[in-house]
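# model the structure of this input:
(chains A and B, ligands or ions: 2)
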Amino acid sequence: MTENRTILTAKNISKTFNGKVLLNNFNFSLKKNEIVSLVGASGSGKTTFMRILTALERADKGSVQIDQLALCETKENECQYAHKKQIKAYLQQIGLVFQDFQLFPHLSILENCLEAPLAQKLDSKQNLIQQATALLTQVQLADKIHVMPHTLSGGQKQRVAIARALMLNPKVLCFDEPTSALDQAASKTIGILLQEIAKTGTAILLVTHDLAFAEKFSTRTIDATTFLKKSSLANTKDISEMN
Amino acid sequence: MLQLILPSLMDGLKMTLLLFSLTAVLTIPLGILVAISRIYAPKVLSRLLQMYIYFMRGTPLLLQLMVAFFGLPLVGVTLDRFSAALLAFILNYTAYFAEIYRGGILAIPKGQFEAIQVLGIGKIRGFLRIILPQVGRIVLPSVGNEVISLVKDTSLVYVLGLGELLRAGQIAVNTYASLLPFVLVGAIYLIITGVITLGLNRIEKSMIK
Ligand SMILES: Nc1ncnc2c1ncn2[C@@H]1O[C@H](COP(=O)(O)OP(=O)(O)OP(=O)(O)O)[C@@H](O)[C@H]1O
Ligand SMILES: [Mg+2]
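Ligands and ions are numbered 1, 2, ... in the order given. Model (predicted):
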């Protein structure tokens, strides 16, 4: 049923902030169709790890790649980041939904979804509008296409942010605490939506403090305590048995 | 008497409006460039601009006007009265606008810049289409304040002997031994700032949508 192909690989990732070690030779991989929940104490570096994967933060050491495209590699014990162009190509494969959504407040919901694919010239405007309309319908916002972000509820904003990220057809989609501001019903809607997205092949990594949510909607859970343990790629698989 | 006073005031008004509109049209965009450079340019340039802003805001505009007209010839740059006045106004107001815009840019949440980055929108396009419109909304009231100050500051060019509105009024007061010209001058300033205020309100409304 689920293909076992690994999409994202992060090896030996280390990151220290002001002398505080957050990640120490951390290994992680993500397969097609997977939904992996990252759980763990506040301040353990979950967001930081996700920001490393999305190139918002630089790893001190380690390598990250999606399929064959490397973001960074360890060479001679130093972390070397790829050239601008390759980082851009890498970033086209990974999306991030921010905890506070970061919708563009002066643009309508539709315009929020169109801005990035238009900038990247992914398709004609007409086709992109069709695609955005379809996605916004899928996330049950068909009636909100032309409204401004500030008129939406938290759950609705979350779904706009998801649609906006999906417009770029990423292979990997990251979510930082997607349900932290939502009630049970809205969380469930998001959970089901994540499963729908994963079914289409996109691998999902999400950070959550909601263990029940992680249990219910993800295929695997990782605890942030493993950030600091020396782990081999092989035994990250064992962690799935914690689930 | 009104027929005698008004034409002379109109000449002054022309000068006031010319100086005002040229300064406004040039400094509002120039300020953006300076603000961007202050934030993103290499440290040397950023520091230089910081010094420039310090001088422009730290000395009276009146002094800057006199330096532009009486001082520059000493270093071999001779400008006519109007050009000297315009130069001083542009340098001065660009500095003020730059600081307003800088505050506006710094007020945009870091996450917006990160969203632009993660979504691959591109730095320049993202700045122009995502950041700048939001900055505009933030700074509009302060920019409006400066624009209104500018209207009144144009009266300072009398020190260079330029016949702007207030000076025209002053002459008329002396000529006709009447205070009526001052009343008229005050009324004209009020009309100008009134029109600007209405315009600003319009822009503000269109920005809020
Ligand atoms: N840019 C930064 N500079 C310095 N320290 C940072 C920076 N970003 C994060 N940190 C520190 O790194 C640690 C981990 O932060 P991070 O946000 O990754 O934690 P988290 O696991 O996501 O926590 P939470 O569950 O509360 O969201 C914290 O101690 C934080 O203060
Ligand atoms: Mg976090």
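
# packing partners of the longest helix seen in chain A?
As assigned by DSSP state H, the longest helix anywhere in chain A is helix A:184-199. Counting contacts by 3 or more CB pairs under 8 Å, 6 or more residues apart in numbering or on different chains; DSSP states H and E, helix A:184-199 packs against strand A:35-39, helix A:154-166, strand A:203-207, helix A:211-217. Every C-beta, even on glycine, is put in place using the N, C-alpha and C of the backbone.

# list the buried residues of it.
For helix A:184-199, a neighbour-count test (16 or more other CB atoms under 10 Å in any protein chain shown) marks A:186-187, A:189-191, A:193-195, A:197-198 as buried.

# mind putting these into TSV with pLDDT?
As requested, the buried residues of helix A:184-199 are exported to TSV (pLDDT from 0 to 100):
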residue	pLDDT
A:Ala186	88
A:Ser187	91
A:Thr189	91
A:Ile190	92
A:Gly191	94
A:Leu193	93
A:Leu194	95
A:Gln195	95
A:Ile197	94
A:Ala198	95
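
# just these that are near ligand 1?
Among the buried residues of helix A:184-199, no residue lies close to ligand 1 (CB under 6 Å from any ligand atom).

# ok so, going back, name the residues that touch the longest helix of chain A?
A:33-35, A:138-140, A:153-155, A:158-159, A:162, A:166, A:173, A:175, A:178-179, A:182, A:204, A:206, A:210, A:213, A:216-217, A:219 (CB atoms under 8 Å, 6 or more residues apart in numbering or on different chains).

# at 6 Å what do you get?
A:33, A:35, A:155, A:178-179, A:204, A:213, A:217 (CB atoms under 6 Å, 6 or more residues apart in numbering or on different chains).

# same check, this time on stretch B:5-18
Contacts of stretch B:5-18 (CB under 6 Å, 6+ apart): B:154, B:163-165, B:168, B:172, B:181.

# state the helix or strand in which B:Arg202 lies.
helix B:180-208 (DSSP states H and E).

# so how far is A:Ile52 from the residue sitting furthest away from the middle of chain A?
Distance from the centre of chain A peaks at A:Glu76, with 29.4 Å (CA atoms, centre = their mean). Counting by CB to CB, to the nearest Å, the separation of A:Glu76 from A:Ile52 is 20 Å.

# quick one, helices of chain A?
For chain A, the helices defined by DSSP H cover A:46-53, A:84-91, A:109-119, A:125-138, A:154-166, A:184-199, A:211-217, A:233-239.

# now do the fourth one, average pLDDT.
Helix A:125-138 shows a mean pLDDT of 96 in the predicted model.

# need the residues of chain A near chain B, please.
Contact residues, chain A versus chain B (CB under 6 Å from any CB of the partner chain): A:54, A:56, A:91, A:96, A:98, A:102, A:104, A:106, A:116, A:119-120.

# quick check: buried residues in the helix holding B:Arg202?
In helix B:180-208, counting by 16+ other CB under 10 Å, buried: B:181, B:184-185, B:188-189, B:192, B:196, B:200.

# quick check: mean pLDDT across that helix?
pLDDT averaged over helix B:180-208 gives 93.

# can you tell me the element the nearest residue to B:Leu200 once chain neighbours are set aside falls in?
Counting by CB to CB, 6 or more residues apart in numbering or on different chains, B:Leu200 lies nearest to B:Gly144, which is 4.3 Å off, once chain neighbours are set aside. According to DSSP H and E, B:Gly144 maps onto helix B:132-153.

# what about the closest residue to ligand 1 within chain B, neighbour count?
In chain B, the residue that lies nearest ligand 1 is B:Lys110 (9.8 Å; CB to the nearest ligand atom). Number of residues near B:Lys110 (other CB atoms under 10 Å in any protein chain shown) recorded here: 10.

# ok, it to B:Gln117 distance?
Separation of B:Lys110 from B:Gln117 (CB to CB) stands at 10 Å.

# after the helix ranked longest in chain B, which helix or strand is next?
Of all the segments of type helix in chain B, defined by DSSP H, the longest one is helix B:2-40. Going down the chain from helix B:2-40, the next helix or strand is helix B:43-58, by DSSP H and E.

# same question for that next one, mean pLDDT?
Mean predicted lDDT for helix B:43-58 stands at 97.

# hang on, the earlier thing: closest to ligand 1 out of the helices and strands packed on helix A:184-199?
strand A:203-207 (6.3 Å).

# which helices and strands sit right next to that closest one?
Contact here means 3 or more CB pairs under 6 Å, 6 or more residues apart in numbering or on different chains; DSSP states H and E; on that basis strand A:203-207 packs against strand A:35-39, strand A:172-176.

# any stretches of chain B with poor pLDDT?
Applying pLDDT under 70 to chain B picks out residues B:209.

# can you report how many residues neighbour B:Asn174?
10.

# which residues are in contact with the one helix or strand it maps to?
B:Asn174 belongs to helix B:165-176 when assigned by DSSP H and E. Contacts to helix B:165-176, defined as CB under 6 Å, 6+ apart, come from residues B:5, B:8-9, B:12-13, B:16, B:155, B:158, B:181-182, B:185.
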